[in-house]
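Trainee: When you get a sec, could you give me coordinates for this:
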Amino acid sequence: MKEYSEALAIAERVARSVRDAVRPLLDDPEAGQTAGVAASGDTTFSMDIAAEEALKRAVESAGCPLACYSEDEGLKVFGSDPRWLLIVDPVDGTRPAAAGFEACAVSVAVAHFREDACCSDVVAGAVYEVRRDRLYRASRGNGAEGIFDGRTFRLAPAAPPDVRHLRWTLEVVSRPSELNFAAAGPLIDATTLRGGFFVLNSSAFSLCQVAAGRLSGMADLSGRLLADFPDRAELFAELGHGRPMGLWAYDIAAAALIAQEAGCTVTDAYGRPLDGIRLTRTRDEDMASCICAASEQLHAEMMRLLERGLASLR
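Mentor: Numbers count the residues shown, from 1 in each chain. Just a heads-up that it's a prediction; the model follows:
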């Protein structure tokens, strides 16, 4: 659809502008220093501040009214009667970026603007790696593409023969390890020898690697852990320096669409669609979870092992 092409063009342009501003900071030791607390409650680093400033410039120069929800600044409206809502994580993976690793990206999703917008309203997304010249993009119903060093190709996941060969990531930031690793334990044990288990601390980056066929799975259990174990909410809040922290829509709104359009199976940690996740709220009840796999069968195997780990916690 023509309007989806317009939305994708906006996502790409904004992602590229922010990426170009952030990339020179990657090897600056000062860029990884803590600088405050984001609207979501996450820690803000100096690199995040520079990225937010670049985002504001990009949105103001977009040439059309836009609403924009970002990790640090929350929801802001630029112009009157905006048609599109941008959901932006200006640097998804600031921690690995500060450590000199490649797992960092700019994530921009575009949705129809409304106050209660959800993931089902996202029509386009672009994720631009910061350290390398790699762009991942998709619009709803049109598949997903990668542009690596100027070469464009269709993204497609690569499913291993069985779950033992799964290469996957688990998100750990502010997730209580006694819950997170117990729940993920059976899947970790099944995959570390023939596959691979990694902690990258960038949900958008991880999802895009599954879409591109480098990884074959990704898991973030935070929303389910908080919901299933409410008696441990105080521990979540302690790790989040005052409030529970976990997976929010801005982390995955663009990358989840890209992974789905590439052919991955993407759900929450209960196996449900991500459609109802609110895009512009970060209340405790809005904390999300995500299980992504290169195939439906692999997703079922991941869920089976994760359910075994969750059962052990009860």
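
Trainee: isn't residue 114 right up against residue 121?
Mentor: Yes - with contact defined as CB atoms under 8 Å, residue 114 reaches residue 121; the gap is 7.0 Å. For glycine as for every other residue, the C-beta is placed from the backbone atoms N, C-alpha and C.

Trainee: Spell out which residues are contacts of both of the two.
Mentor: Here residue 114 and residue 121 have residue 85 as joint contacts, going by CB atoms under 8 Å, 6 or more residues apart in numbering.

Trainee: More neighbours: which of those two?
Mentor: Between residue 114 and residue 121, counted using other CB atoms under 10 Å, the more crowded position is residue 121 (19 against 12).

Trainee: who's in contact with that one?
Mentor: When contacts are taken as CB under 8 Å, 6+ apart, residue 121 is in contact with 85, 111-112, 114, 279.

Trainee: just residue 80 next, same as before
Mentor: Residue 80 touches residue 65, counting by CB under 8 Å, 6+ apart.

Trainee: which residues touch the residue lying closest to residue 213 once chain neighbours are set aside?
Mentor: Counting by CB to CB, 6 or more residues apart in numbering, residue 213 lies nearest to residue 158, which is 3.7 Å off, once chain neighbours are set aside. The contact partners of residue 158, by CB under 8 Å, 6+ apart, come to 213, 216, 294.

Trainee: rewinding a little: from the contacts of residue 121, which ones fall inside strands?
Mentor: 85, 111-112 (DSSP state E).

Trainee: Which elements pack onto the helix of greatest length in the chain?
Mentor: Counting residues, the longest helix found in the chain (DSSP state H) is helix 2-22. Packing partners of helix 2-22 (3 or more CB pairs under 8 Å, 6 or more residues apart in numbering; DSSP states H and E): helix 46-60, strand 84-92, strand 105-112, strand 122-129, strand 134-139.

Trainee: which stretch among those comes nearest residue 163?
Mentor: Shortest distance between residue 163 and the helices and strands packed on helix 2-22, using CB to CB, is found for strand 134-139: 24.8 Å.

Trainee: tell me the mean pLDDT for whichever helix or strand comes after the closest one?
Mentor: Using DSSP states H and E, the helix or strand that follows strand 134-139 in sequence is strand 144-148. Mean pLDDT, strand 144-148: 97.

Trainee: just stretch 216-230 next, same as before
Mentor: For stretch 216-230, the per-residue pLDDT averages 97.

Trainee: can you list the helices and strands packed on helix 2-22 in CSV and add mean neighbour count and mean pLDDT?
Mentor: As requested, the helices and strands packed on helix 2-22 are arranged in CSV below (neighbours: other CB atoms under 10 Å; pLDDT from 0 to 100):
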stretch, mean neighbour count, mean pLDDT
helix 46-60, 20, 88
strand 84-92, 29, 95
strand 105-112, 30, 97
strand 122-129, 29, 98
strand 134-139, 26, 98
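
Trainee: Tell me which of these sits nearest to residue 267.
Mentor: With CB to CB as the yardstick, what comes closest out of the helices and strands packed on helix 2-22 is strand 122-129 (15.5 Å).

Trainee: where does the protein have its least confident helix or strand?
Mentor: When each helix and strand of the chain is scored by mean pLDDT, DSSP states H and E, strand 34-37 comes last, with a mean of 55.

Trainee: hang on, the earlier thing: out of the ones in strands among the contacts of residue 121, the closest to residue 151 would be?
Mentor: residue 111 (28.9 Å).

Trainee: For that closest one, give its distance to residue 12.
Mentor: 15 Å (CB to CB, to the nearest Å).

Trainee: swap in residue 24?
Mentor: Distance from residue 24 to residue 12, by CB to CB: 20 Å.

Trainee: Between those two, tell me which one has more neighbours.
Mentor: Neighbour count, other CB under 10 Å: between residue 24 and residue 12, residue 12 has more, with 19 against 10.
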